[in-house]
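Student: pasting the sequence and the predicted coordinates here, then a few questions.
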Amino acid sequence: MFDALSDRLGNVFDSLRGRGALKEDDVRTAMREVRIALLEADVALPVVRRFIDTVTERAIGQEVLRSVTPGQQVVKIVNDALVEMLGGDPAEGGSAQAAKLDLDAKPPVVIMMVGLQGSGKTTSTAKIAKRLKETEGKKVMMASLDVNRPAAQEQLAILGEQAGVATLPIVGGQQPVDIANRAISSAKLQSFDVLMLDTAGRLHVDEALMAEMKAVASVSTPREVLLVVDSLTGQDAVNVAQSFTGEVPLTGVVLTRMDGDARGGAALSMRAVTGKPIKFAGTGEKLDAIEAFHPSRVANRILGMGDIVSMVEKAATAVKEEDAERLAKRMAKGEFDMNDLRMQLQQMTKMGGIGAIAGMLPGMKKAKAAMAQSGMDDKVLLHMDAIISSMTPKEREKPQLLNARRKKRIAAGSGTQVQDVNKLLKMHQEMAKAMKQIKKMGGLKGLGQLFGKGGLGAAMPGLGGGGGMGGMPGLPGGGDIPPELQDLLKKK
C-alpha cells in the first residue's frame, strides 16, 4: 500500500545520507520533496502542513546539522514524526504497542461495528471475533443488525461457521434495536464474554443511519465503537470518519484493504483527523487476514526499515511447534532433505509469500523491486512445491539419487523444465551445506552463542554496529534487540 510513498521518501533520504554535512537549505529542500510525496499519497493537507512544520523545526537544530551523520539524524526525526502521526509514541521506540480493545467490563462486553455499506464491516466483524477467540481465549457471539441489505444476516451466519464463532439466530421482521436487546439477553444467558454487533450501513452518511446507530448504542451501551473504513477510498475515507466522529462516540478505527494499491493517505490521516487510534488493519480476504495496527512498525515499513517483529509473529503462527522441533533436531545433526525444504516453502507461503517477507526485512526494498522485475513471484514457490511433489518418497529423502532420467520424469510430472529441477536441487544443496556448517559450530547451541556475543551486529558485520541497523540511531543493532521482539521470542 505504501510502496509509492516509500519509494519517493527513499529517494529523498538517499540524497541526504550521501552528504557529509547538511545546511539548513538542504533540509528545507528535502522537506519540500517530502511534502509533495505526502500530498501525492493523498494525505490530508492540514496533516501534511503540521507534519512538515514539526520535522523541519527539529531537523534544522544545531545538534542535527553538526552531528556526525546528519542525513541519518533527519531520517530518524521523520520516523519519529510518522509514528506520532499514526498515533504512537516515539519515546517508546520499538516497544510501542498497538491500541488494544477495552474489554475490561462486566461481560458480555459489547463491541459495536459501524461504517458505510461496502467498507468490509461484516467481514471485519468476523475477523475480530475469530482473533478474540483464538488469541485471547474469549467466548464471542456475533449478531447482525443489518435488516436493509439483502442476506446480510445470512452472510454473518456463514462467516460465523467458518470462524467457529457463535451467531445470534435470525428472526425475520425484527428491527435493529429489538435484535440488539435479544442479542444482549442471549449473550448473558449463555455466558458470552464478548458480543459483537454488526450494524447496518448506507451508501452515504444520512440522518436515518445516524439515528439508528444512536438508538442501538443507547440500549447496548457498547464498550467499543469501531468505525470500519475502506482505505482504497483515499481522502473520502477521512471525510466519512469525520462525519461519524461528530455523531457517534467512536473509540477506534479499523482500516480494510490495507493490502491494496491505495496511496496510503487514509491511514496516515485517520488518527490526526479523528483523534481516535487505528486498532486493526485488514490485509486480505481470509478470516485470519487482520492484524493489530502498530504505528512504529508501519512507520518503519514506509521508510524501508523493515518490520522484523511482525515477521516473527507471522512465523510463529505459520510454523507448527512439532515441525519446528523436528527441524531443530535435524539441524543439530546436520541433516536436511527435500521434505524439510518443502516444509520451509509451505511456511513461506503461509507467511504471505516472498514479497510479504521481503517487505518486512530491513534494506530489502530494492531487492523486492528487483525480484518483481525479474518475474520472481509467489508462483515460484508453487512450482518448487510441484517439483518436490513429483518426486518419490525415496528421492525426497535422498536427492543424490536424481539422475538425468529421473529429472526428466520429475520435470514432466510437475509441468516444469529440467533446468527448474536443477535450480531447486542447487538450492537444496546450499541449504544442506549450511546445516552441516551449523553442526560443525556445535549445533543450535553453538549458533546461539555466536549470535549472543555482540548480537547480529558482531556476527554479521555491516548489518549492525554501535549505531544500530546500518548506523541508524535508535534502531536495533549491535546486540540491541527490541524489547517486544525479546518478549515474543521468549514466548515462542
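Tutor: Sure thing, it's come through. Numbering: from 1, shown residues only.
Student: give me the mean pLDDT for the helix or strand harbouring D178.
Tutor: Element membership for D178, per DSSP states H and E: helix 176-189. Regarding helix 176-189, the rounded mean pLDDT is 92.
Student: with stretch 156-163 instead?
Tutor: The model assigns stretch 156-163 a mean pLDDT of 93.
Student: which parts of that stretch are buried?
Tutor: Across stretch 156-163, burial judged by 16 or more other C-beta atoms under 10 Å covers 156-157, 159-160, 163. Yep, even glycine has a C-beta here, placed from its N, CA and C like the rest.
Student: got the contact list for that stretch?
Tutor: With contacts defined as C-beta atoms under 8 Å, 6 or more residues apart in numbering, stretch 156-163 is touched by 122-123, 125-127, 129-130, 133, 142-144, 166-167, 170, 198, 287.
Student: now, those that are in helices?
Tutor: Secondary structure defined by DSSP state H assigns 122-123, 125-127, 129-130, 133 of the contacts of stretch 156-163 to helices.
Student: can you lay out those residues as TSV showing distance to V238 and neighbour count?
Tutor: TSV is the format used below for the ones in helices among the contacts of stretch 156-163 (distance: C-beta to C-beta, whole Å; neighbours: other C-beta atoms under 10 Å):
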residue	distance to V238	neighbour count
T122	22	23
T123	22	21
T125	22	28
A126	26	25
K127	23	26
A129	27	28
K130	28	21
K133	32	18
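Student: low-confidence stretches in the stretch 151-300 of the chain?
Tutor: Applying pLDDT under 70 to the stretch 151-300 of the chain flags the ranges 203, 205, 234-235, 260-264.
Student: pick the one among the buried residues of stretch 156-163 closest to V240.
Tutor: Of all those, V240 sits closest to L156, with 21.8 Å by C-beta to C-beta.
Student: so the closest one belongs to a strand, correct?
Tutor: No: if the criterion is DSSP: H, G, I helix; E, B strand; the rest coil, then L156 is helix and not within a strand.
Student: tell me how far it lies from L255.
Tutor: According to C-beta to C-beta, to the nearest Å, L156 and L255 sit 20 Å apart.
Student: show me where the stretch 201-350 of the chain has its helices.
Tutor: In the stretch 201-350 of the chain, the helices defined using DSSP state H, counting those that start in this stretch lie at 207-220, 235-245, 265-274, 295-302, 308-318, 321-333, 338-350.
Student: out of those, the one nearest I36 is which?
Tutor: I36 lies closest to helix 265-274 among these, at 13.2 Å (C-beta to C-beta).
Student: so what secondary structure elements neighbour that closest one?
Tutor: helix 45-59, helix 70-85, strand 224-230, helix 235-245, strand 252-256, strand 278-282 (3 or more C-beta pairs under 8 Å, 6 or more residues apart in numbering; DSSP states H and E).
Student: mind putting those in TSV, mean neighbour count included?
Tutor: Shown next, in TSV, are those (neighbours: other C-beta atoms under 10 Å):
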stretch	mean neighbour count
helix 45-59	17
helix 70-85	23
strand 224-230	25
helix 235-245	19
strand 252-256	26
strand 278-282	24
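Student: for the biggest helix by length in the chain, packing partners?
Tutor: Longest helix of the chain, by residue count under DSSP H: helix 418-440. Packing contacts for helix 418-440, counted by 3+ C-beta pairs under 8 Å, 6+ apart, involve helix 321-333, helix 338-350, helix 379-389, helix 404-414, helix 443-452.
Student: in that helix, what's buried?
Tutor: Under 16+ other C-beta under 10 Å, the buried positions of helix 418-440 are 420-421, 423-425, 428, 432, 435, 438-439.
Student: repeat for stretch 104-113
Tutor: Counting neighbours by 16+ other C-beta under 10 Å, one finds that the buried residues in stretch 104-113 are 108-113.
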